[in-house]
Every structure is written in structure tokens, then in C-alpha cells.
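A.B. asks: Got a predicted structure plus its sequence, pasted below:
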Amino acid sequence: MGNGQSRVRGLAARAGGWSARHRWAAVGIWVLFVVLAMGLGSAAGRVDVGDSDQLKGETSTAARIIEDAGIEEPAGETVLIQAGDGGPKATDAEFRSAVTAVVTAVEKTGEVTDVTSPYESDTISQDGRSALVQFDVRGDSDTAGERIEPVLNAVEDVQKDHESLRIEEIGGASMMKTFDDAFGDDFKKAEYSAVPVALGILLIAFGALVAALLPVALAITAIMATMGLMGLVSHLQPMSETANSVMLLVGLAVGVDYCLFYLRREREERAAGRDAQAALRIAAATSGRAIVVSGVTVCVAMAGMLFTGLAEFEAMGLASLMVVAVAMVGSVTVLPALLSLLGERVEKGRLPFLRRRRTGGSGDSRFWSAVLKRVLAKPVLSVVVATGALLAVAAPAVGMKTQNLTLDQEFGDSLPIVQTYNRVNDAFPGGSEPAEVVVRADDINAPEVRSALAEFRERAISSGASRGPVEIKLHDQQNVAFVYVPLVGGSDQDKAGESLDMLRDEVRPATLGEVDGVEAPITGQVAGNKDFNDQLVGSVVPVFAFVVVFAFLVMLLSFRSLTVAITSIVLNLLSVGAAYGILVAVFQHGWGASLVGAEGVGAIITWLPLFLFVILFGLSTDYHVFVVSRIREARLRGRTTRDAVQHGVVTTAGVVTSAAIIMVAVFGIFGTLSMQSMKQMGVGLAAAVLIDATIIRGVLLPAVMALLGERNWYLPKWLHRMPDLTHDESPEAVAPPASRDDEGERVPV
């Protein structure tokens, strides 16, 4: 680490310089890009992930057979008619009268078809006190929830006339309507409230309306452009509503963060006495470079989702990758142009009740100065205590139990329809979520095929996989048959999974598998969950390896230090592990679950650990790159490593704290949602960011770097031929001791 003078280099510095000199052109190009992306995306339309794209394996095969046959499966509904202990049985006149009333009432609505009485389908429980009336909703199953209300009302009217019985409806359409009514606006409200929350925190951080609006405006335009790009890209990689929501979350987080880093540095340099042009050039060369390094690393992390083979994850990964790339480009191009145009007007709209803090341009934080003084005084103790605390927090993650949450786990039992779901499963195990065997043959009515279907139905029950009734629906023209098999185990995912394995591994090979030319993939809710879990587990190692290895390489190339690259990976893994531990403690063990409304969940939803790893590994890089860049910058100027660490952490504390508060607040909003999967995601993200911005960046990072000293910058000789992607700003001579902490010296840029 020497001193000297060299001409500024680097993409971020050159981009910022060009944008500041051609500010109207830069702004115009950005606006044109956003408008074109939105227009072209709207014109192209968006292709969403289809059923056959969701998974590999049997679930995908079954969906493809159905799509190829052109069969539109209607939304199925069920009415449970149930008597209490000592009440009438299904054979009694009162019970039969209620069944007839239900059948008549739902048929009169004109919204249903294929109404089946329990006396025809043998859907009567073993104790004879529960029966099911089954029917399909007319029209598209995706919009059936919008047409089910008349049917629900008809069933309610029958209930009023038969108060001695419990009569209630459940099915795809009724659940869709119930959840839309209860939670439909929940997610959107969270999305819409995230922007005002971020703006409010930025107002406090900057104390000026214009300065606070810039990061939000850039984040929103980046999100708008990405939405358009998603429409174009969806014709190659289908997208989804979930990918859209994740993109919005990530886009808002990184878009605001990147602008915050850039804008804070520009303001800091002006406060230190630079003229506006010099302050912009320094911000471009320093924070601009940190943004590029961070953005590339986050993109690499998001790209890890593409290795899962799961269409939903691939859509989320690609959407997140695109919004990060767009936000990164916008931050190093249009932002310097806007700052050049605004000049001192960036301070307009100052809030009178927020006194502007002036710290001589250093941006030092008194709180973090006090913390750093103690950390650097006893770095070994700080490392031991902080690492021990994080490992203790992460310890519960060792016993993590992942599963696809059942209806009552996801929504609790406060909704009547969830209670209905449980009652149906108690009376008819697996009846609410049967396995579906999709059978395709050259001739579905061939004697050997019909015989195999009958034998399959018989063996499904005799094997113990199902208690029946097993229903067969033939589609003669398409030579396809659907076989619905209620699985023993019902809502117990483990037991239902065992029943599914028995169908797939024993019953099917001995029956349908004996007929040449017959395909019989088994799908359904339980099968889909199992196929998803199997594929997810198989993708963990390649995704993990890809993200860690490529993040390591990006850090190595960006800082030309083997030590910095290794420590960044280890610290990121510690923060992710701590987030896992908090999730397991709260949602699985129930410690403090009442504080977030998560009582009785007992498990972590299957997709969350891998999703959190990828997202958190990427977002954690933001702070790490920004802080270490400032430390390295100070070291290049001639400070000792210890002084550089003190300077880098303290001067970035304000912006890192502001950025972390925004992320924690935005993610915390999602932790308030009613759906446990969204609550788990919000709590996990918020906890990890909070840990990352405090314990990791404020204690562990400075303590570790202080202990390592000059070894922080170690690079083996055989790696010296690597591309030099280090700091964009040239080092300068050390200031005299009397003004060592003064950032007002001239920086050649």
C-alpha cells in the first residue's frame, strides 16, 4: 500500500464524469430507457409460469399431459354435511333431507356442474355421521373464486334450515374467495406502504425533501423499467406474481441503498469544502465503484436461483438480478447527472424541525466512535464475544424442520374455512387434497387399460395408501383418465407422503405399469410438495457453491486481497446463520412467537432457507463492500490499518445505519402480514439485515481487520496477474498529523 499519484480509472468514475458533463443527455437517456422498457414490455405482454413449468418430474409430466390434451380442469367444491355425536346418521331421513336440499340449492345457482350426491359416490365417513356433496364450478378455474359467492350463499341458506347439522363448503374456489377477502389486499398494502416508509426514513436521514426524494425516485424508475423488461424476458423465462413482488422488494432495497451511498458521499465531500464538481467526481470514483462491486456481487448471488431448476425460483432470481443491474446502472449514470443539475438545490425542502448536523465533513458518528474505541481497544475479546453471540443465535438452526405449511399452519384456525378443512380431513383423511393420477393411453377404453384402472383402485385401498373412495373420471376423446385417491395421513404431510410413495412405488407398477403404452404420473398437492422438496434439496449444494465461489471471486478481483475475500464470505455466512437461528427459534420452537403472531406454526416453509441464503448473501454484500472500500481508501492514503478501520467504519456508520433502518422497516412490514410464509420471510430478512449492519459491520469486521493488520491486504504472488479492478480513486499523500482526521484535503480525481 503505497502513496503516489495516478490518473483516475474505473468504469464508475468515467460513467459519473461523463454524466456530470452531459447531464441533460444522461437524464434523457435514462427516461427514454424507462419509457421504452415499459412500452415494449407492455406491448409484448407477460408470460407467466405454467403448471407444466413449475417442477420437473411427475408433477410436470402430469401437467404437460393435461395441457397437451386441452383439458381444462374445473375448480372442485365440496359441501360437508356432518352430525354431532348422538345426531342423525347419513341413513336417517333428516340427514338425507339435508343432502337433497344441498344438491338442489347448488344446482339452482346455475354456477355448478356434475353435482354428485354422497349416496352415489359413497363419500360417507366410516362412523356414518359425515358426508360430502361434490361438484365443479363452471368456467375457468383461475377465476372461479369470483363466481362462487351465489353457491356459498345457497349453502348458508340450507344450513339455516337444518340447524341440527353442520353444513359448510370448502374447495379451490371458496378458499380462493375467502383468502382474497381476508388477505387479498394484505400483500399489496405492504408493497404500497414500503415506499412512504422509506421516504420518511430518508427525510430524517437527510433532513431535506429533495435529497430524500432522489433515492426513492431512482428506485421506483428502476422498478418500472424492470417490470417492462420482465415482460420481454418472460417469453424466454416465464415470470410470476411472486417474482414481481420479490423484484419490488429487492429493487426498493438496493435502489435506495445505492443512491444513499452515492448521495451521502457527495454531500460529505461538499461539507468538507470541495466544490460541487470535485465532490461529484470523488463520489463517482469511490461510492460509485462500491455500488458497481456490490451490484455485480448481488447479481451473482441472485443468479444462484437459476440453478434450482424450479421455475418459480428461476423467475424470482432473474427478476431480482435485472432490477439490481438496472438500479446499479442508474445510480452511477443518471444520479450524478441529477446531482450536477440540482447543485445546492438538493438541499431544498429542508425540514425546520431537523437540525442539520455538521461534523466538519467527516460524517463521523459519535455512537459508533464510542463503540469502535472499545472494539479496537480489545479486538480479541470483541471477536470472541461477537462470534460466540452469533453462533449461539444460529444454534437453533441445526434442528431446522422445513415443510410446506398446511392450511392451518399458514393461516391459523381463525378463519371458518380452515376449521372446515380440518373437519373434512378428520372425517375423510386426504379427501380435501387427494392424489391425482393422470393416465394417458393409446385407447383409454381398451380392456386391458380399464382392467388396470379397476385394479389400481382396488389395490390403492387394500395396500393401506387410501381408505377411499377412489374416483375415476374418463375423458374418452383425449384418451385420458383422472384417478382421485384420498391419501391416508390427510393433512399430516409426513404420513400422506408415505401413502404417496406406496402408490408410486408399489401400487402403480403392479397395475397401470403392467400395460404397454400407458403413462400414469401422480400429481396433486402432496405429490407437488414432495417433488418440490426433492428438487429443492438436490439444488442446495450447487446453488450454495455457485453463490459462495463467485462472490469470493468478485471480492478478490475488486479488492485484490485474499484475506478480504475470505473474511467477507465468512462474515456473510455468520449473518445468514444467525437469521436462520432466529427463524427456527421463533417459528419452529415458538420462542417469542406471540410477538409476531406466529404461534403454533412449528416449521419453516420449505422454500425459505434457500431463498433467504441467496437474497441475504447478496444484500449483505452492500454494506461489506461500502465499508471495506472506505477502509481501503483510507489505507491507500497512508493511514495505518488500525486507523483506516476506525476511519472507514465511523465515516460510513451514518449511511449504513440509514440504509439498514430502511431495509429493516420495509422487510418488517412483510413480517406483519397474516400469511406465515410471508411473515417468516419478512422476519428473516429484517433480522439478518439488522445483525449485519450492527454486530457484523460495527463489531466483528473492525475487530477482525484490526487483528489481521497488514495481512488484510495479503495477495499471493501467483495472483498478481489478476485483472486490477481495485479502487477507482488514486491514492494521495498523507495529510499532516494535525489534520489527519480532516477530509478537506484535495483529492486528485
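C.D. replies: Okay, I see it. Residues are numbered from 1 along each chain as shown.
A.B. asks: From now on I want contacts and neighbour counts done on CA atoms only, so please keep to that.
C.D. replies: Will do.
A.B. asks: surely residue 401 meets residue 589?
C.D. replies: No. Checked against C-alpha atoms under 8 Å, the pair residue 401 and residue 589 is beyond contact range at 10.1 Å.
A.B. asks: Please enumerate the helices of the stretch 601-749 of the chain.
C.D. replies: Here the stretch 601-749 of the chain has its helices, by DSSP state H, counting those that start in this stretch, at 608-636, 641-670, 676-691, 701-708.
A.B. asks: surely residue 254 meets residue 326?
C.D. replies: No. Using C-alpha under 8 Å, residue 254 makes no contact with residue 326, being 10.3 Å away.
A.B. asks: Same list, the helices of the stretch 601-749 of the chain, but as a markdown table with distance to residue 436, mean pLDDT and mean neighbour count please.
C.D. replies: Output for the helices of the stretch 601-749 of the chain, formatted as a markdown table (distance: least, C-alpha to C-alpha, whole Å; pLDDT from 0 to 100; neighbours: other C-alpha atoms under 10 Å):
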| stretch | distance to residue 436 | mean pLDDT | mean neighbour count |
| --- | --- | --- | --- |
| helix 608-636 | 27 | 85 | 23 |
| helix 641-670 | 34 | 85 | 23 |
| helix 676-691 | 26 | 88 | 23 |
| helix 701-708 | 53 | 93 | 22 |
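A.B. asks: quick one: which of those helices is nearest residue 241?
C.D. replies: Nearest to residue 241 among the helices of the stretch 601-749 of the chain is helix 676-691; the distance by C-alpha to C-alpha comes to 13.8 Å.
A.B. asks: For that closest one, what is the distance to the chain centroid?
C.D. replies: Computed by C-alpha atoms, centre = their mean, to the nearest Å, the chain-centroid distance of helix 676-691 equals 10 Å.
A.B. asks: Tell me, please, the helix or strand in this structure that averages the lowest pLDDT.
C.D. replies: The weakest-scoring helix or strand in the chain, judged by mean pLDDT, DSSP states H and E, is helix 51-54 (a mean of 62).
A.B. asks: From the contact counts, what lies against the very next helix or strand once past that helix?
C.D. replies: Counting by DSSP states H and E, the next helix or strand C-terminal to helix 51-54 is helix 58-69. Applying 3 or more C-alpha pairs under 8 Å, 6 or more residues apart in numbering; DSSP states H and E, one finds that helix 58-69 contacts helix 51-54, strand 435-440, strand 522-523, helix 525-559.
A.B. asks: any chance of the ones you listed in TSV, with distance to residue 698 and mean neighbour count too?
C.D. replies: Listed next are the helices and strands packed on helix 58-69 as TSV, based on distance: least, C-alpha to C-alpha, whole Å; neighbours: other C-alpha atoms under 10 Å:
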stretch	distance to residue 698	mean neighbour count
helix 51-54	42	18
strand 435-440	52	24
strand 522-523	50	26
helix 525-559	20	19
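A.B. asks: hey, least reliable of the ones you listed by pLDDT?
C.D. replies: Between the helices and strands packed on helix 58-69, the lowest average pLDDT goes to helix 51-54, which shows a mean of 62.
A.B. asks: Just say helix, strand or coil for residue 115.
C.D. replies: For residue 115, the secondary structure call by DSSP: H, G, I helix; E, B strand; the rest coil comes out as strand.
A.B. asks: quick check, residue 128 in a helix?
C.D. replies: No. Under three-state DSSP, residue 128 sits outside any helix and is assigned coil.
A.B. asks: For burial, what's the neighbour tally of it?
C.D. replies: When neighbours are counted by other C-alpha atoms under 10 Å, residue 128 registers 16.
A.B. asks: Per-residue pLDDT of it, please?
C.D. replies: What the model reports as pLDDT for residue 128 is 88.
A.B. asks: ok, which stretches of the chain are strands?
C.D. replies: Shown for the chain, the strands assigned by DSSP state E span residues 75-83, 112-116, 130-137, 165-171, 402-403, 435-440, 471-475, 480-485, 522-523, 604-605.
A.B. asks: Dump those to TSV, plus distance to residue 309.
C.D. replies: TSV is the format used below for these (distance: least, C-alpha to C-alpha, whole Å):
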stretch	distance to residue 309
strand 75-83	28
strand 112-116	38
strand 130-137	33
strand 165-171	30
strand 402-403	19
strand 435-440	23
strand 471-475	32
strand 480-485	27
strand 522-523	18
strand 604-605	18
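A.B. asks: hang on, the earlier thing: which one of the helices and strands packed on helix 58-69 lies closest to residue 27?
C.D. replies: Among the helices and strands packed on helix 58-69, the nearest to residue 27 by C-alpha to C-alpha is helix 525-559 (28.4 Å).
A.B. asks: Specify the angle between the closest one and strand 435-440 in degrees.
C.D. replies: Orientation of helix 525-559 against strand 435-440 (axes from the mean of the first three to the mean of the last three C-alpha atoms, to 10 degrees) gives an angle of 90 degrees.
A.B. asks: Span of stretch 549-568 from start to end?
C.D. replies: Using C-alpha to C-alpha, to the nearest Å, one end of stretch 549-568 lies 12 Å from the other.
A.B. asks: what about that stretch, distance to the chain center?
C.D. replies: 26 Å.
A.B. asks: before we move on, what about stretch 616-628?
C.D. replies: With C-alpha atoms, centre = their mean, you get 18 Å for stretch 616-628.
A.B. asks: residues of stretch 75-89 that come out buried?
C.D. replies: Buried positions in stretch 75-89, judged by neighbour count with 16 or more other C-alpha atoms under 10 Å: 75-83, 88-89.
A.B. asks: which residues touch it?
C.D. replies: 94-95, 98-99, 102, 128-138, 140-142, 144, 155, 164-174, 420, 424 (C-alpha atoms under 8 Å, 6 or more residues apart in numbering).
A.B. asks: Residue 401 and residue 589: which has the busier surroundings?
C.D. replies: residue 589 (19 against 13).
A.B. asks: hmm, back to that, buried members of the contacts of stretch 75-89 into ChimeraX, please.
C.D. replies: A single ChimeraX command is used to select the members of these judged buried by 16+ other C-alpha under 10 Å:
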select :95,98,99,102,128,129,130,131,132,133,134,135,136,137,138,141,144,155,165,166,167,168,169,170,171,172,173,174,420,424
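A.B. asks: circling back: distance to residue 230 added to the helices of the stretch 601-749 of the chain, as CSV?
C.D. replies: Shown next, in CSV, are these (distance: least, C-alpha to C-alpha, whole Å):
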stretch, distance to residue 230
helix 608-636, 19
helix 641-670, 23
helix 676-691, 23
helix 701-708, 37
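A.B. asks: For residue 350, find the nearest of those.
C.D. replies: helix 641-670 (17.7 Å).
A.B. asks: Now do the closest one against helix 676-691, angle only.
C.D. replies: 160 degrees.
A.B. asks: so what does helix 641-670 touch, helix or strand wise?
C.D. replies: helix 172-206, helix 241-271, helix 366-377, helix 608-636, helix 676-691, helix 701-708.
A.B. asks: tell me what the fourth one is packed against?
C.D. replies: Other helices and strands packing on helix 608-636, by 3+ C-alpha pairs under 8 Å, 6+ apart, are helix 241-271, helix 287-303, helix 562-583, helix 641-670, helix 676-691.
A.B. asks: The shortest one too?
C.D. replies: With contacts taken as 3+ C-alpha pairs under 8 Å, 6+ apart, helix 701-708 sits against helix 366-377, helix 379-394, helix 641-670.
A.B. asks: Of all those helices, which one comes closest to residue 267?
C.D. replies: Minimum separation from residue 267 across the helices and strands packed on helix 701-708 (C-alpha to C-alpha) falls at helix 641-670, 11.5 Å.
A.B. asks: Check the spacing between residue 520 and residue 466 real quick.
C.D. replies: Residue 520 is 18 Å from residue 466, by C-alpha to C-alpha.
A.B. asks: For those two, indicate the residue with more neighbours.
C.D. replies: Ranked by neighbour count (other C-alpha under 10 Å), residue 520 and residue 466 place residue 466 first, with 30 against 25.
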